[in-house]
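Participant: Take this sequence and fold it.
(2 chains)
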Number of protein chains: 2
Amino acid sequence: MRIASETVADGIREQLFTIGEIPGVLWTPAEGSGPRPLVLIGHGGGQHKKGWEVVSRAFPYVTSCGFAVAAIDAPGTGDRPEHPEIRRLVALIQEREAVGESFRSCPEWPALNETVAAQLIPDWQTTLDALQNLDSVGDSRPVGYYGLSQAGEMGIRLVAAEPRIKAAVLGLVGSDWLIDTAARITTPVEFVLQWDDEGNPRDSVMKLFDALGSTEKTLHANPGGHFRVPSFEIDSSISFFARHLDIPGAASTS
Amino acid sequence: MRIASETVADGIREQLFTIGEIPGVLWTPAEGSGPRPLVLIGHGGGQHKKGWEVVSRAFPYVTSCGFAVAAIDAPGTGDRPEHPEIRRLVALIQEREAVGESFRSCPEWPALNETVAAQLIPDWQTTLDALQNLDSVGDSRPVGYYGLSQAGEMGIRLVAAEPRIKAAVLGLVGSDWLIDTAARITTPVEFVLQWDDEGNPRDSVMKLFDALGSTEKTLHANPGGHFRVPSFEIDSSISFFARHLDIPGAASTS
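Facilitator: Numbering: from 1, shown residues only, chains lettered A, B, ... in the order given. Alright, predicted model coming up:
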């Protein structure tokens, strides 16, 4: 792990890092040291690790909860090199969308998700290994994951595969191929649904919520399209993570 | 309005009152005075104004938010006299339930709700009038309503009829005859659904949520039966009311 830069502003330390080929960012409180809960935040399709949806969650998690928060670029985004196969699949999907097709009906859509996941899930796990070696994170406190839309698609796969993740906010995804994966998740989940999501019909999102194997799972549905998740859901996610990650010893009891 | 008793415990002043024939209870912070936001809490069928579901919400609303909180007995419950017609309808419904019918399919079920509402809605409005004359409540701050199950059924009617109510937590109800009433509600609503509610199929609850005319409405769905609303929904309702009622001047701007 190489720290490429470090800046402090508004009480938050921001460290840009690379782990091998993985570009990432770690935010921690500027003051204080020692192990702390960590929240991994995934970004949506076509976005990157410092996009608005990531930063708008990361900053209050650090300042309100004292958590460490990390994000990485998905393959082909941000500071990553071009990924020819992802580029090809996205272009084909965009061509179909331009003539009025839904991305959900494109055969390239599941292929795109498989391609991204094949690299991103191991990259998240490598990143988590490296972050837990830092004094400012450590491996004694629980880990959370936040991701909607493509980061919800990836999150379901990651949370199902990664026992270190003890709580997750997921949603804006209704992929039927994730039903079995969702069923393997047992950690508490807050699942976000947009009532008028153009690309993810509410029934398909509810099927994934229904499939989750978690004893504690809560569905938050709000009116509006895919990009209109209300800002009070950020506050709700703070309460959710505070409840599940902020308890000393929670990592060993849940 | 007659105050029948006043006690103080754990920082909360409890005043039992009657307004004409209406028995009620008002909880306010033991310290401090002057106008404050008010939350009205309805109780479920067969319960009463000091039942657990009421008190478990009322006490944190007072201690965490400094709100005034009031509850009244629905007709035929608590300190109210027997109500022969309600008693007759409930007995008929219980007979049908005893042989395996759902209350939803009983012709007495809508009749029961109409009978309760015909008295309870005006009683709530009379109570609100009287409470807003008290120095400890006043009429300058916004009012909220909390009610699930039968108190959700009544709440949809009350909130639609009562412009002083500026925010409401409702739910655990799926009555198709409330669709038009729900559509008249424009105030922010947090709507609670139990995924495995024996008496209120999730589709029927979602139809009511969908019908709400509110720009801001949020659906919180959790696994389990009718009586298994998780305790973290109490915290969520605190955040919801704090957001909508705790802003000086909110009564005049919303």
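Participant: any idea what residue A:117 is structurally, helix, strand or coil?
Facilitator: Three-state assignment for residue A:117 (DSSP: H, G, I helix; E, B strand; the rest coil): helix.
Participant: Residue numbers of the stretch 51-200 of chain A in contact with chain B?
Facilitator: Within the stretch 51-200 of chain A, the residues that sit near chain B (C-beta under 8 Å from any C-beta of the partner chain) are residue A:195. Using the backbone N, CA and C atoms, a C-beta is placed for each residue, glycine as well.
Participant: repeat that for 10 Å
Facilitator: With the criterion set to C-beta under 10 Å from any C-beta of the partner chain, the stretch 51-200 of chain A comes near chain B through A:188, A:190, A:191, A:193, A:195.
Participant: The nearest residue to residue A:175 once chain neighbours are set aside: neighbour count?
Facilitator: Residue nearest to residue A:175 in three dimensions, not counting chain neighbours: residue A:153, with 5.9 Å by C-beta to C-beta, 6 or more residues apart in numbering or on different chains. Close neighbours of residue A:153, defined as other C-beta atoms under 10 Å in any protein chain shown, add up to 29.
Participant: Check the gap between residue A:153 and residue B:217 for me.
Facilitator: Counting by C-beta to C-beta, to the nearest Å, the gap from residue A:153 to residue B:217 is 26 Å.
Participant: Output the below-cut-off pLDDT ranges for chain A.
Facilitator: Applying pLDDT under 70 to chain A flags residues A:247-254.
Participant: Where do the strands of it begin and end?
Facilitator: Counting by DSSP state E, chain A has these strands, from start to end: A:2-9, A:12-19, A:22-29, A:38-41, A:68-72, A:143-148, A:165-171, A:189-194, A:217-222.
Participant: Any idea how many residues pack against whatever residue of the stretch 51-200 of chain A ends up closest to chain B?
Facilitator: Nearest residue of the stretch 51-200 of chain A to chain B: residue A:195, at 7.5 Å (C-beta to the nearest C-beta). For residue A:195, the count of nearby residues is 18 (other C-beta under 10 Å).
Participant: quick one, what contacts the residue nearest to residue A:181 when sequence neighbours are not counted?
Facilitator: Spatial nearest neighbour of residue A:181, excluding adjacent residues (C-beta to C-beta, 6+ apart): residue A:160 at 4.8 Å. Counting by C-beta atoms under 10 Å, 6 or more residues apart in numbering or on different chains, residue A:160 touches A:121, A:168, A:178, A:180-187, A:212-213.
Participant: change it to 7 Å
Facilitator: Taking C-beta atoms under 7 Å, 6 or more residues apart in numbering or on different chains, we find residue A:160 in contact with A:181, A:184, A:185.
Participant: cool, residue A:224 as well?
Facilitator: A:194, A:195, A:196.
Participant: so the first one sits right up against residue A:229, yeah?
Facilitator: Just to be clear, that refers to residue A:194. Yes: contact criterion C-beta atoms under 7 Å: residue A:194 and residue A:229 qualify, at 6.4 Å.
Participant: more crowded one of these two?
Facilitator: residue A:194 (25 against 21).
Participant: Would you mind measuring from the more buried one to residue A:230?
Facilitator: 10 Å.
Participant: is the closest residue to residue A:72 other than its chain neighbours in a bridge, and if so with what?
Facilitator: Nearest in space to residue A:72, with sequence neighbours left out and distances taken as C-beta to C-beta, 6+ apart, is residue A:24 at 4.0 Å. On the basis of DSSP bridges, residue A:24 is bridged to residue A:17, residue A:72.
Participant: For residue A:24, the count of nearby residues, please.
Facilitator: 24.
Participant: Check the gap between it and residue A:133 for me.
Facilitator: Counting by C-beta to C-beta - residue A:24 and residue A:133 are separated by 14 Å.
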